[in-house]
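Asks: turn this into a model:
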Amino acid sequence: MFLENSRYFSVKTLEATVNRGRKVTAIVLRRLPYAAGTLVTAKGNDRLDIIAQLKYGDSTKFWHIADANTELEANKLVEQRPQDPHERNIIVPEN
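Replies: You can find the predicted model right below:
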């Protein structure tokens, strides 16, 4: 159902019946493990896929960084915020 490099690849799925007997497949909520890593300052136009490419040699592993920071929407980790428009500290895990 998911590609091997997806954060959802090994997550269990379940089938549910919704309106008018229609069946849907959903993923089970996954727990985020603690991830030790390096504190990195994201500035300006930084992007998680570029950080992942530099750190892991694979831009599709951006979700490792999102998970380490418990962010469901990965891009929110690097977007500019009114209270700190130029940078944000994020954890980049070792693996």
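Asks: mind checking how far residue 47 is from residue 78?
Replies: Counting by Cβ to Cβ, to the nearest Å, the gap from residue 47 to residue 78 is 6 Å. Bear in mind the C-beta positions are built from the backbone N, C-alpha and C, glycine included.
Asks: looking at these two, which one has more neighbours?
Replies: For residue 47 versus residue 78, neighbours defined as other Cβ atoms under 10 Å are more numerous around residue 78 (22 against 15).
Asks: skipping adjacent residues, who's closest to the more buried one in space?
Replies: Using Cβ to Cβ, 6 or more residues apart in numbering and skipping residues adjacent in sequence, the residue nearest residue 78 is residue 42, 4.5 Å away.
Asks: hey, what's the one you found bridged with?
Replies: Note on residue 42: beta-bridge partners by DSSP bridges are residue 88.
Asks: from what I see, it and residue 87 are in contact.
Replies: Yes - Residue 42 lies in contact with residue 87 (Cβ atoms under 8 Å); the separation is 6.4 Å.
Asks: what is in contact with the two at once?
Replies: Taking Cβ atoms under 8 Å, 6 or more residues apart in numbering as the contact rule, residue 42 and residue 87 have no neighbour in common.
Asks: what pLDDT does residue 24 get?
Replies: What the model reports as pLDDT for residue 24 is 93.
Asks: who touches the helix or strand containing it?
Replies: Residue 24 belongs to strand 23-27 when elements are defined using DSSP states H and E. Contact partners of strand 23-27, identified using Cβ under 8 Å, 6+ apart, comprise 1, 8, 11-18.
Asks: which ones among those residues lie within helices?
Replies: With DSSP state H as the criterion, helices contain none of these.
Asks: pull the most distant pair out of those.
Replies: Greatest spatial distance among these (Cβ to Cβ): 8 and 17, at 21.7 Å.
Asks: now do the longest helix seen in the chain: everything it contacts.
Replies: Taking DSSP H as the criterion, the chain has its longest helix at helix 48-56. Contact with helix 48-56 is made by 40, 42, 58-62, 64-66, 74-75, 77-78, 92, 95, as judged by Cβ under 8 Å, 6+ apart.
Asks: restricting to C-alpha, output it in CSV.
Replies: C-alpha atoms of helix 48-56 as CSV (Å, rounded to 0.1, in the frame of the first residue of the first chain):
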residue,chain,number,x,y,z
LEU,A,48,13.4,19.4,5.0
ASP,A,49,14.1,17.4,1.9
ILE,A,50,17.3,19.3,1.3
ILE,A,51,18.4,18.8,5.0
ALA,A,52,17.5,15.1,4.6
GLN,A,53,19.5,14.8,1.4
LEU,A,54,22.6,16.4,3.1
LYS,A,55,22.2,14.3,6.3
TYR,A,56,21.1,10.9,4.9
